[in-house]
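**Q** No sequence on hand, only this structure:
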């Protein structure tokens, strides 16, 4: 199937977005692959994961699980149900326990992290989705540049503060936790 029509703005303007509820129903009926996520009413196929991507996600997950209190749940590649989107960030940290999300995905996270091995453009587009949902902090880990972009202070659908951390710098994050970049960028 060719989707070259999407290159034409006349076609793009006529796309009908779907709601989160419609997306859930399509998934229940098996109409769409489970390897998708809903971004601003559009179903996107998820990218395959490189070994580096998987490695970094596991390091981040393990760090937060080891250092955060039981008040937080560290989720790995699990959905967040937002207004018009249901992204599956590489890491999301939510308040609560696993049982709290037995019947519905979280709709809020204290921190969301995407690892951008080959998805930097898409992950930067997600900044507006996370800011609109008032998620206080969003990280994009960029291993090729050995840096993390940290977005914070959401207001009116935009993050007001963007900071770039490189190499051996430290990030003060959720619950006063200090994250040392050497934990993931050591070769």
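**A** Noted; the coordinates are in hand. Because the structure is a prediction, the values reported are computed rather than measured.
**Q** I'd like the distance from stretch 99-109 to the chain centre, please.
**A** Between the centre of stretch 99-109 and the centre of its host chain there is 15 Å, according to Cα atoms, centre = their mean, to the nearest Å.
**Q** Show me what whichever helix or strand residue 125 is part of is packed against.
**A** Assessed by DSSP states H and E, residue 125 sits inside helix 120-132. Applying 3 or more Cβ pairs under 8 Å, 6 or more residues apart in numbering; DSSP states H and E, one finds that helix 120-132 contacts strand 36-39, strand 111-115, strand 137-142, strand 147-155, strand 158-166. C-beta: built from backbone N, CA, C; applies to glycine.
**Q** Kindly recompute the last result at 7 Å.
**A** strand 111-115, strand 137-142, strand 158-166 (3 or more Cβ pairs under 7 Å, 6 or more residues apart in numbering; DSSP states H and E).
**Q** May I have the strands that pair with the second one, each with its orientation?
**A** It refers to strand 137-142. strand 111-115 (parallel), strand 147-155 (antiparallel) (DSSP bridges).
**Q** about what we covered before: for the helix holding residue 125, which outside residues touch it?
**A** 39-40, 82-83, 85, 87, 112, 114, 116, 138, 140, 142, 151, 154, 157-159 (Cβ atoms under 7 Å, 6 or more residues apart in numbering).
**Q** Equivalent analysis for stretch 60-73, please.
**A** Outside stretch 60-73, the residues that reach it (Cβ under 7 Å, 6+ apart) are 74, 76, 91, 93-98, 113, 175, 177, 179, 183-184.
**Q** mind running it again at 6 Å?
**A** With contact meaning Cβ atoms under 6 Å, 6 or more residues apart in numbering, stretch 60-73 is reached by 74, 76, 91, 93-94, 96, 113, 177, 183.
**Q** What of stretch 76-95?
**A** Stretch 76-95 has contacts (Cβ under 6 Å, 6+ apart) with 20, 37-41, 57, 60-61, 72-75, 105-107, 109-115, 129, 133, 174.
**Q** Relative to residue 103, how far out is residue 60?
**A** 27 Å (Cβ to Cβ, to the nearest Å).
**Q** hang on, the earlier thing: which of the contacts of stretch 60-73 lies closest to residue 45?
**A** residue 76 (19.5 Å; Cβ to Cβ).
**Q** Identify the bridge partners of the closest one.
**A** Where residue 76 sits in a bridge, its partners, by DSSP bridges, are residue 91.
**Q** Pull up the gap between it and residue 113, please.
**A** 10 Å.
**Q** So for the two, which sits in the more crowded spot?
**A** residue 113 (25 against 17; other Cβ atoms under 10 Å).
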